[in-house]
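**Q** next comes the sequence, and after it the predicted model I'd like to discuss.
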Amino acid sequence: MPEPRRLKGHKATVTCCIAAVDRPGLVATSGEDGCVCWFDMRCKDAISVMNIWENDNPISSLCFKPGNEDIIYVSSGSEVKGFDVHMAASWKPLESYKYNKEEINQIVCSSKSTFLAAADDSGDIKIIDLRQQSLYKTLRGGHDSICSSVQFLPWRPWEVITGGLDSKLVMWDFSKGRPNKILDFGAEACSDGGQSLNPAFVHAVAVPEVDMLDRTDRICVVARGDGIVDVINIESELAETKSRSKGTQSRSKARILSPNSEASTQNGTKKLHLDYSFGGHTAAVSCVAFSKFGEKGKYIISGGNDKSVKAWDWSRHSEAGETSSNSNLLHLNINLSKKVNWLCTTTNDSENLVVCDTSKVVKVYTVM
């Protein structure tokens, strides 16, 4: 692996990164220095630096507004602010929301930019109506501890999925404010032995974007504290719940099958359980993402506390089922010098993997 490109601009550890879709090569990063740095891959260093919060309060998460990437949302502490990137002279927020009571861990916009979700340390998820600029719903009672991650399901406009440090993955109907299903990875890890590293905390969750759905199943990818990357068919889980007890919340251990299992989902795609036996992580997985380059959604990219980034060609899984071999699922392994905080992919053919580790320098790699 060639040496990565190094993007400089932050004065402290980089915490998050996102890549623009409408303007390929544009990347925004956030840091513990309270700044958002803008990078154009055609330039050497940051083209712009936004000093968002006074007193250099760390920024925990950021996201673009889908369909209008001139608007960016940024979270720090228990507050979310929205900015117009063209107002670089003042960086005065267009919107500000203070509905969360504790520190926000992740924010994300729905695919139609109607809602924004903010997951916090209390286990609550605030759903904010961006059109009305008001609180729409508080999701509570699904998590017993910190809610670390949240994603909207683009094919289910009234549903979100969340993960927490209680080892639970919760599928919510946010219009009703209640869970449709709760998967407990802690119970699963205890029952099958699992990887005996750390608890099966859910550190991050990723779902396919709208333009990936014709190539992927309706799945989610889970980054777990015990070093496992799980791929779960959401529709199969929800269908099973409905068949068991219509209208009743189901609490069960996650039924994750190893890649060698013969069980399949309704559309023929098996569930995937990527652990160390397939070249997986040997410490907690901190982040996961789908590839936006090439054939979108072909790869799952994971980063971990074992100072490594792995690209999984999960599209080979169904092919491997026919040949009873899954040894080639790990497409690429990148060894780093520091733990991974976050990562994202770009639509470029090269310099398409952006990695934020525990340093103040952003690294950019090429996945072929």
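**A** Thanks, I have it.

**Q** distance of Tyr97 from Ser30?
**A** Separation of Tyr97 from Ser30 (Cβ to Cβ, to the nearest Å): 17 Å. Any C-beta I mention is one placed from the backbone N, CA and C, and that applies to glycine too.

**Q** neighbour-wise, which of these two wins?
**A** More crowded of Tyr97 and Ser30, by other Cβ atoms under 10 Å: Ser30, with 28 against 23.

**Q** bridge partners for that one, pull those for me.
**A** Listed by DSSP bridges, the beta-bridge partners for Ser30 are Cys16, Val36.

**Q** by contact count, what packs against the strand ranked longest in the chain?
**A** When the chain is parsed with DSSP state E, its longest strand is strand 68-76. On a contact count with 3 or more Cβ pairs under 8 Å, 6 or more residues apart in numbering; DSSP states H and E, strand 68-76 meets strand 61-65, strand 79-84, strand 104-109.

**Q** can you rerun that using 10 Å?
**A** Contact analysis of strand 68-76 by 3 or more Cβ pairs under 10 Å, 6 or more residues apart in numbering; DSSP states H and E lists strand 14-19, strand 26-31, strand 35-40, strand 61-65, strand 79-84, strand 95-97, strand 104-109, strand 115-120 as its packing neighbours.

**Q** which residue ranges of the stretch 251-368 of the chain form strands?
**A** Assigned by DSSP state E, counting those that start in this stretch, the strands in the stretch 251-368 of the chain fall at 272-274, 285-290, 300-304, 308-312, 330-335, 340-345, 353-357, 362-365.

**Q** Ser175 is nearest to which of those?
**A** Smallest distance to Ser175 across the strands of the stretch 251-368 of the chain (Cβ to Cβ): 25.9 Å, for strand 285-290.

**Q** the closest one vs strand 353-357, what angle?
**A** Angle, strand 285-290 to strand 353-357, by axes from the mean of the first three to the mean of the last three Cα atoms, to 10 degrees: 160 degrees.

**Q** for strand 285-290, buried residues please.
**A** By neighbour count on 16 or more other Cβ atoms under 10 Å, the buried set for strand 285-290 is Val285, Ser286, Cys287, Val288, Ala289, Phe290.

**Q** and if you look at stretch 12-28?
**A** Of the residues in stretch 12-28, 13-21, 24-28 count as buried by neighbour count, 16+ other Cβ under 10 Å.

**Q** do the same with stretch 106-113
**A** Gln106, Ile107, Val108, Cys109, Ser110, Ser111.

**Q** now, the most widely separated pair of the residues you listed?
**A** Farthest apart among these by Cβ to Cβ are Gln106 and Ser111. That separation is 16.2 Å.

**Q** for Ser149, find the nearest of the helices and strands packed on strand 68-76.
**A** Minimum separation from Ser149 across the helices and strands packed on strand 68-76 (Cβ to Cβ) falls at strand 104-109, 5.3 Å.

**Q** what lines up beside the closest one in the sheet?
**A** Counting by DSSP bridges, strand 104-109 is paired with strand 115-120 (antiparallel).

**Q** angle of the strand it pairs with against strand 79-84?
**A** Calculated by the same axes, to 10 degrees, strand 115-120 forms an angle of 140 degrees with strand 79-84.

**Q** strand 115-120: what's the following helix or strand?
**A** Moving toward the C-terminus from strand 115-120, the next helix or strand (DSSP states H and E) is strand 125-129.

**Q** mind putting the strands of the stretch 251-368 of the chain in a markdown table, distance to Glu159 and mean pLDDT included?
**A** Formatted as a markdown table, those follow (distance: least, Cβ to Cβ, whole Å; pLDDT from 0 to 100):
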| stretch | distance to Glu159 | mean pLDDT |
| --- | --- | --- |
| strand 272-274 | 22 | 91 |
| strand 285-290 | 18 | 98 |
| strand 300-304 | 21 | 98 |
| strand 308-312 | 25 | 98 |
| strand 330-335 | 31 | 96 |
| strand 340-345 | 23 | 98 |
| strand 353-357 | 28 | 97 |
| strand 362-365 | 33 | 96 |
